[in-house]
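In: Build me a structure from this.
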Amino acid sequence: MSEINPNIIKILAVEDDAGDFGLIQIYLGLAGFGKAENSGTLSWASSLAEARKIALRNKPDIVLLDLNLPDSAGLETIVKMRSVLPGVPIVVMSGNDDKVLAVSALNEGVQDYLVKGQYEHDALGKAVRHALVRSRLETRLRLFEVALNTSASAIVITDPDAIIQWANPAFTTLTGYHVDEALGHKPGELVRSGLQSTAFYKAMWDTIGAGGSWQGELINRRKDGELYHELLAISPVVDHQWKVTNYVAIKTDITERIHAKHALEESQQRMELALAGGDLGLWDWSVPNGKLVFNPRACAILGYQLNEVENGLGIWKKLTHPDDWHNVEAARQAHLQGDTTQYEAEYRMRHKEGRWIWVLDRGKVMERSQEGLPLRVVGTYSDITERHRMEEQVRQLAFYDPLTKLANRRLFNDRLKFLMASSRRSAIFGAVLFLDLDNFKPLNDTHGHDVGDLLLIEVAQRIVNCVRETDTVARFGGDEFVVLLSELSLDRQLSSTQAAQITHKILRAIAAPYELSRANESSDVAPIVHHCTASIGVTLFLDHLHLADEVLKAADAAMYQAKSEGRNRIVFATESTES
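Out: Numbering: from 1, shown residues only. The predicted model follows:
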């Protein structure tokens, strides 16, 4: 099947809202549709009547359809559009997030149902591509089915006890048994393979025994022992008293169709994965024997040649970071068990050079046994190391002070609210320390901001060294630092004592002399020796007694009191100040 060329695909968007059409136009452009000059990819109709005219004139390859139009609404819109363009794939774009409506639309034959405002910018392009691919594959599958179903089928007539009374010559072609050999036998005595369960045949006989027609697929065995797939349709023949006099069975050899269907499904899945875009490595896993095969690109992402990677499931675990394997295995098992529609995981893999790279790994079960057990899984992975690096940079900018690498105000507030929420269950006190350097400005004025920054970095490190791993140290800006002490004690007095011990430790650490060396200066320049103290305000809190803003205000007020009392000291907020 040829690759879809987005510049020659004709798309008809039926949308009465100009703003929504503008978004469609932007998203399709981002997906690569209509990038060539004068491509004429996209047509717009604001009503169903206008859409009919454009459709008859331009004959689009796909329709993006809003269900609520000035001259049509709901499922009727689909029916009317399909009557104009039978066989053309339709993707519904609705403002109605109604699962029942979505299912009904899919039952009417649309290829996809997107809810406006609830899909990523690349979802529309994927939906268009997938709809076109599925339409082509479905057309091809129908051709296979027509070719097979128009061939001669075996017809068998039995009595009420399922004893063969008559069979046509195609029965011999299908089963290998001459008609004379078959007469007087039940079909199951001749061709049953044993691969269908007792429950399978019971359900069949319950249906036809009650006077209903039954149709299903099964695997039978020819006279020479060869297995074949059969489409079997059985209908009872009744007399005027509704008593069964005969059964008529039509048996069609669908072995080729089944094999073709599997091949088409595999091709479709591979194509969908390839359309997911980008620089992807492909893997193909046979679950029963554990054989895992990679394509050359999958090996190259990790720095290997194809012949350097063993074909087995063990290589997957061997190359995955030990800390990530549990999550990978959990995601994989969830999909194998049918709990998720696809397998997806982000984790680290070891490159041939020894470094770790981040990969985005996706896969899907392509084939299951009659019992529902997974037989074959195909997937792709891509190198997303750069994306992770950029995300980490964004996270650092959003939650951390760029100078000291401490938490910033936003992250501190989040952790304070979380700790206060947890104290509701534990009734354990926490504490906030608000710290301001006493003589920071003279250093900045005398030696410049570069030296001031060196002092702030050193102060940050000294504070971190004084607290526990469970505590949080943040810089609010300038020379203000805040410390969050978690899980002190159930007793207020004991909590106050613990907070005081840590605070005095911080006060002493900050008061020790600083030797600050200017960056990019020769080693014979003497470092700047600076003495610095701090004023610290402390407040205890419990969730049911305080709000986060009140806790910070109380600690801040206590800090200013420490400054007014002479600096280089600690002041605890009073209970009246805290409340």
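In: which stretch of helix or strand covers the residue nearest the centre of the chain?
Out: Taking Cα atoms, centre = their mean, the centroid of the chain lies closest to residue 344, which sits 6.0 Å from it. Assessed by DSSP states H and E, residue 344 sits inside strand 343-350.
In: Helix or strand next in line after that strand, which one?
Out: Under the assignment DSSP H and E, the closest C-terminal helix or strand after strand 343-350 is strand 356-368.
In: Let's verify the closest residue in space to residue 377 that isn't next to it in sequence: helix, strand, or coil?
Out: Leaving aside its chain neighbours, residue 377 sits nearest to residue 285 (4.5 Å; criterion: Cβ to Cβ, 6 or more residues apart in numbering). For every residue, glycine as well, the C-beta is placed using N, CA and C. Taking DSSP: H, G, I helix; E, B strand; the rest coil as the rule, one finds residue 285 in the strand state.
In: now the closest residue to the residue nearest to the centre of the chain other than its chain neighbours, which residues is it bridged with?
Out: Setting aside the residues directly before and after it, residue 344 is nearest to residue 362 in space (Cβ to Cβ, 6+ apart), at 4.9 Å. Counting by DSSP bridges, residue 362 is bridged to residue 344, residue 380.
In: Isn't residue 362 up against residue 377?
Out: No - the criterion here is Cβ atoms under 8 Å, and residue 362 misses it with residue 377 at 10.7 Å.
In: So between these two, which is more surrounded?
Out: residue 377 (22 against 18; other Cβ atoms under 10 Å).
In: give me the element the more buried one is part of.
Out: According to DSSP H and E, residue 377 maps onto strand 374-383.
In: Report all helices and strands that that strand contacts.
Out: Helices and strands touching strand 374-383, by 3 or more Cβ pairs under 8 Å, 6 or more residues apart in numbering; DSSP states H and E, are helix 255-275, strand 281-286, helix 296-301, helix 322-336, strand 356-368.
In: Tell me what angle that strand forms with strand 281-286.
Out: Taking axes from the mean of the first three to the mean of the last three Cα atoms, to 10 degrees, one finds strand 374-383 and strand 281-286 inclined to each other by 160 degrees.
In: Any buried residues in strand 374-383, and which?
Out: 374, 376-383 (16 or more other Cβ atoms under 10 Å).
In: Can you lay out these as JSON lines showing distance to residue 109?
Out: Shown next, in JSON lines, are the buried residues of strand 374-383 (distance: Cβ to Cβ, whole Å):
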{"residue": "374", "distance to residue 109": "29"}
{"residue": "376", "distance to residue 109": "29"}
{"residue": "377", "distance to residue 109": "29"}
{"residue": "378", "distance to residue 109": "27"}
{"residue": "379", "distance to residue 109": "29"}
{"residue": "380", "distance to residue 109": "29"}
{"residue": "381", "distance to residue 109": "34"}
{"residue": "382", "distance to residue 109": "33"}
{"residue": "383", "distance to residue 109": "39"}
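In: Considering those, which is situated nearest to residue 262?
Out: residue 376 (9.4 Å; Cβ to Cβ).
In: my guess is that closest one meets residue 366, correct?
Out: Yes - contact status for residue 376 versus residue 366: in contact at 4.8 Å, counting by Cβ under 8 Å.
In: pLDDT of stretch 208-219, averaged?
Out: Averaging pLDDT along stretch 208-219 yields 90.
In: contact partners of that stretch?
Out: Here stretch 208-219 makes contact (Cβ atoms under 8 Å, 6 or more residues apart in numbering) with 193, 195-196, 200, 204, 207, 227-236, 238, 242, 244, 247, 254, 258.
In: what do you get for stretch 154-173?
Out: Residues outside stretch 154-173 that contact it (Cβ under 8 Å, 6+ apart) are 152-153, 174-175, 177-179, 182-188, 244-253.
In: Buried by neighbour count, from these: which ones?
Out: Using 16+ other Cβ under 10 Å as the burial test, the contacts of stretch 154-173 include 153, 174-175, 177, 182, 187, 246-247, 249, 251-253 as buried.
In: Among those residues, name the ones in helices.
Out: Within the buried ones among the contacts of stretch 154-173, residues falling in helices by DSSP state H are 174-175, 182, 187.
In: Distance to residue 492 and pLDDT for those residues - can I get that in CSV?
Out: Shown next, in CSV, are these (distance: Cβ to Cβ, whole Å; pLDDT from 0 to 100):
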residue, distance to residue 492, pLDDT
174, 88, 91
175, 89, 93
182, 93, 91
187, 86, 91
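In: and of these, the nearest to residue 339?
Out: Closest to residue 339 out of these is residue 187 (39.7 Å), distances taken as Cβ to Cβ.
In: correct me, but the closest one touches residue 249?
Out: Yes - in this structure, residue 187 is within contact of residue 249 by Cβ under 8 Å, at 7.0 Å.
In: of the ones in helices among the buried ones among the contacts of stretch 154-173, closest to residue 400?
Out: Once Cβ to Cβ is applied, the member of these that ends up nearest residue 400 is residue 174, at 72.7 Å.
In: count of neighbours near residue 43?
Out: Using other Cβ under 10 Å, residue 43 has 18 neighbouring residues.
In: Could you do residue 450 as well?
Out: Per other Cβ under 10 Å, the neighbour tally for residue 450 reads 12.
In: swap in the one 3 residues further on?
Out: The criterion is other Cβ under 10 Å. On that basis, residue 453 has 15 neighbouring residues.
In: give me the low-pLDDT residue ranges for the stretch 1-150 of the chain?
Out: Counting by pLDDT under 70, the stretch 1-150 of the chain shows low-confidence ranges at 1-4, 34-40, 121, 141-150.
In: ok, back up a step: pull out the buried members of the contacts of stretch 208-219.
Out: Neighbour-count burial (16+ other Cβ under 10 Å) applied to the contacts of stretch 208-219 gives 196, 204, 207, 228-232, 234-236, 247, 254, 258.
In: Only C-alpha atoms, please: export stretch 356-366 in PDB.
Out: What follows is stretch 356-366 as a C-alpha-only set of coordinates in PDB (Å, rounded to 0.1, in the frame of the first residue of the first chain):
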ATOM      1  CA  TRP A 356      21.800   6.100  29.800                       C
ATOM      2  CA  ILE A 357      19.300   7.400  27.300                       C
ATOM      3  CA  TRP A 358      15.500   8.000  27.900                       C
ATOM      4  CA  VAL A 359      13.200   6.100  25.500                       C
ATOM      5  CA  LEU A 360       9.400   6.300  24.900                       C
ATOM      6  CA  ASP A 361       8.300   2.700  24.300                       C
ATOM      7  CA  ARG A 362       4.900   1.800  22.900                       C
ATOM      8  CA  GLY A 363       3.400  -1.500  21.800                       C
ATOM      9  CA  LYS A 364       0.200  -3.400  21.200                       C
ATOM     10  CA  VAL A 365      -1.000  -7.000  21.200                       C
ATOM     11  CA  MET A 366      -1.600  -8.000  17.600                       C
END
